[in-house]
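Asker: give me coordinates for this.
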Amino acid sequence: ILLTLGFLLSTFAYAQQAPSLITTVGEAVVYADPDEVLLDFTITTTDDNLSEARAKNRKIASAVIDYLKNTGIEAKHIQTQYMSLEPVKENYKSNKVLYYRASQTIAICITDLEQYEPIVDQLREMEVTSVGSPRFRTTEFRKRKDEARQKAILAAREKAEMLASTLDQKIGKAFTINELGMNWASPRQGAYANIALESGGGGDNGGAAFAPGQLEIRALVEVAFYLE
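Answerer: Got it, this is the predicted structure:
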């Protein structure tokens, strides 16, 4: 009986001391103009001789890299990402080699977006086998990400204030602040998030074939506030 009474008293004391909290989730989206584009392309050559297939590939790659450097792309923005030398056989059961294939993929970072189309056009003229899709990014990502975080916290606060005022209460200081990974199920599909959007989300492309548009940068935070 004494043990039970002690447990009940400690539970009651804890309940009396536990803070009253309200927890909300805030999401924010900001937009940034891309100032870099990542591009990869592949050079594939074939020959009856393995060394010749590789030599052909090396010759084309060397000419392409020289061209890229002449356009102003720095050496640090040119990187070989994949290379292979393989025999091509008659079929998977046969040991008969039809020819040898040499292939390598090169990735580049273009810091002047106006160069993108001329570079791609020239690569097609230089026996480049395939060119991948452009991937845009901004050098101001950290700055814009921090802006999104601030807006997300304000969004979480505004929602907490609205919910508390409905019950004739107010919120106090933050108890906890957690940044949620964007692999977490997006609250855009639910009713429990407050979303702050910055105007933007598209640029005037002027009818150009190459349209970098804008980058969407998101932040998602969960904040617990004291209830007063």
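Asker: all contacts plus neighbour counts: C-alpha atoms, from now on.
Answerer: Noted.
Asker: so where's the chain shaky on pLDDT?
Answerer: Along the chain, the parts satisfying pLDDT under 70 run over 1-17, 182-209.
Asker: what ranges do the strands span in it?
Answerer: Using DSSP state E, the strands of the chain run over 21-32, 36-47, 78-89, 97-110, 130-131, 135-137, 171-179, 193-197, 215-227.
Asker: mind putting these into TSV with distance to residue 161 and mean neighbour count?
Answerer: Formatted as TSV, the strands of the chain follow (distance: least, C-alpha to C-alpha, whole Å; neighbours: other C-alpha atoms under 10 Å):
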stretch	distance to residue 161	mean neighbour count
strand 21-32	9	22
strand 36-47	40	20
strand 78-89	51	14
strand 97-110	45	19
strand 130-131	52	16
strand 135-137	36	17
strand 171-179	6	14
strand 193-197	12	21
strand 215-227	10	21
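Asker: turn those strands into JSON lines, including distance to residue 151.
Answerer: What follows is those, written out as JSON lines (distance: least, C-alpha to C-alpha, whole Å):
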{"stretch": "strand 21-32", "distance to residue 151": "6"}
{"stretch": "strand 36-47", "distance to residue 151": "25"}
{"stretch": "strand 78-89", "distance to residue 151": "37"}
{"stretch": "strand 97-110", "distance to residue 151": "31"}
{"stretch": "strand 130-131", "distance to residue 151": "38"}
{"stretch": "strand 135-137", "distance to residue 151": "21"}
{"stretch": "strand 171-179", "distance to residue 151": "13"}
{"stretch": "strand 193-197", "distance to residue 151": "6"}
{"stretch": "strand 215-227", "distance to residue 151": "8"}
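Asker: compare these and give me the one nearest residue 71.
Answerer: Residue 71 lies closest to strand 97-110 among the strands of the chain, at 9.8 Å (C-alpha to C-alpha).
Asker: the inter-axis angle of that closest one versus strand 78-89?
Answerer: In terms of direction (axes from the mean of the first three to the mean of the last three C-alpha atoms, to 10 degrees), strand 97-110 departs from strand 78-89 by 170 degrees.
Asker: from here on, call the first residue 303.
Answerer: That works, and once the first residue is 303, the last one we named lands at strand 399-412.
Asker: just how off-centre is strand 399-412 within its chain?
Answerer: The offset between the C-alpha centroid of strand 399-412 and the centroid of the whole chain comes to 26 Å, using C-alpha atoms, centre = their mean, to the nearest Å.
Asker: partner strands of it, parallel or antiparallel?
Answerer: Strands adjacent to strand 399-412 in the sheet, as given by DSSP bridges, are strand 338-349 (antiparallel), strand 380-391 (antiparallel).
Asker: may I have that strand as CSV, with CA atoms only?
Answerer: C-alpha atoms of strand 399-412 as CSV (Å, rounded to 0.1, in the frame of the first residue of the first chain):
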residue,chain,number,x,y,z
VAL,A,399,34.5,-11.0,-79.4
LEU,A,400,32.9,-8.8,-82.1
TYR,A,401,34.8,-5.6,-81.1
TYR,A,402,36.0,-3.6,-78.1
ARG,A,403,34.3,-0.6,-76.6
ALA,A,404,35.8,2.3,-74.6
SER,A,405,33.6,4.7,-72.8
GLN,A,406,34.1,7.5,-70.3
THR,A,407,31.7,10.0,-68.7
ILE,A,408,32.9,13.6,-68.0
ALA,A,409,31.1,16.0,-65.7
ILE,A,410,31.5,19.8,-65.9
CYS,A,411,30.2,22.8,-64.0
ILE,A,412,29.2,25.8,-66.2
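Asker: what does that strand rub up against?
Answerer: Residues outside strand 399-412 that contact it (C-alpha atoms under 8 Å, 6 or more residues apart in numbering): 338-352, 355-356, 359, 375, 379-392, 418.
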